[in-house]
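Undergrad: Fold the following.
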Amino acid sequence: MSHHYYRYMKKILLSLVCAGFALSLTAQDDVATKKVQMGLAYQVGMNFNKPGTKNIERLGAGAQNSIGMNVNFSFTPNIGLATGLEFDFESFKYDVVATDKVYYYYVDSKIIKKEDLSANADAKLYNLQERKQKAIYGTIPTMLLFRTNMIGDFRYYGKFGARTSFVLSNTINDIGFNLTGDSLNGVPVASDNSNMKAKGDMFFMRSTIGLAAGAEWNFTGNTSLFAELGFYYGLTPVHFGEAIGGDDKERDMTMFQRINGVDDYLTFSAKQKQIVLKIGILF
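TA: This next block holds a predicted model:
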């Protein structure tokens, strides 16, 4: 994970720790009867993206690190709503199928969309071999919470619902070749395209549905520690696939193949599955 990511995480974590400390000073109710619990959580997990084209493959499992504020609202002692605000730091890799060739045009650190190509006559041509993407999401979980009664100092729970995320940042690191003369017939020169940007590459909203199971330990007063394991399935694609309107569905795409002399544009699209472990503290 880059220094850029660590700076984001440190700033967010400091703010959340301050907020959690303030909550702990004001919390008074017994943990079993509290109507609202608030606290801090850290989540780590793996992403499994399934590209929407046969020309591109997932390269191993992706990684997720998430920090945020969790809030539990109790409707009854056993049923509630789990929500909050989380920041997901994710990375995932793709590579191009060995028998295929995929290209894009770029200027400096900007990857050019099909509709913008005519306005960038000096764009360079790149043969993509492998891509690693890093994304930051702001996420709002909305999950039904089902809890047991206290069994000693513990109670166990299950969650079912959605996590809705919005893209805050997206960075692309590519491995491949520049082509001399910016021609498909040019000589390939090995080159890494780092810290690239592709406007509209990622779908602005990600919606996942899933379930989680965990345990809460009331270790002192009204303060509890918790741990849970969750599985989430993506309902929306990770990457933007088609133009929102108009007849040219390829206009916002950047990658293409040359087939019978015609540039055929394609996209990762990619549905996502996640397995995550979350730990945290509630006040």
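Undergrad: for the chain, what spans make up the helices?
TA: 3-26 (DSSP state H).
Undergrad: need the longest strand for it.
TA: strand 154-179 (DSSP state E).
Undergrad: for it, packing partners?
TA: strand 79-96, strand 124-147, strand 188-196, strand 205-220, strand 223-234 (3 or more Cβ pairs under 8 Å, 6 or more residues apart in numbering; DSSP states H and E). The C-beta positions use only the backbone N, C-alpha and C, and glycine is treated the same way.
Undergrad: Would you reformat the ones you listed as a markdown table and include mean pLDDT?
TA: A markdown table is the format used below for these (pLDDT from 0 to 100):
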| stretch | mean pLDDT |
| --- | --- |
| strand 79-96 | 97 |
| strand 124-147 | 97 |
| strand 188-196 | 96 |
| strand 205-220 | 96 |
| strand 223-234 | 97 |
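Undergrad: who wins for proximity to residue 249 among the ones you listed?
TA: Closest to residue 249 of these, according to Cβ to Cβ: strand 205-220, at 19.2 Å.
Undergrad: quick one on the thing from earlier: got the buried residues for the longest strand of the chain?
TA: With burial defined by 16 or more other Cβ atoms under 10 Å, the residues of strand 154-179 counted as buried are 155, 157, 159, 161, 163-165, 167, 170-179.
Undergrad: likewise stretch 142-149?
TA: Result for stretch 142-149 [16+ other Cβ under 10 Å]: buried residues 143, 145, 147.
Undergrad: What pLDDT does the model give residue 98?
TA: Looking at residue 98, its pLDDT reads 77.
Undergrad: count of neighbours near it?
TA: For residue 98, the neighbour count with other Cβ atoms under 10 Å is 8.
Undergrad: Against residue 252, how distant is it?
TA: 27 Å (Cβ to Cβ, to the nearest Å).
Undergrad: Quickly list what residue 263 is bridged to.
TA: residue 258 (DSSP bridges).
Undergrad: wait, it sits on residue 257?
TA: Yes. Contact criterion Cβ atoms under 8 Å: residue 263 and residue 257 qualify, at 7.4 Å.
Undergrad: got any ranges where this structure has weak pLDDT?
TA: 1-29, 242-248 (pLDDT under 70).
Undergrad: Could you name whichever residue is most remote from the centre of it?
TA: Distance to the chain centre peaks in the chain at residue 152, reaching 37.4 Å (criterion: Cα atoms, centre = their mean).
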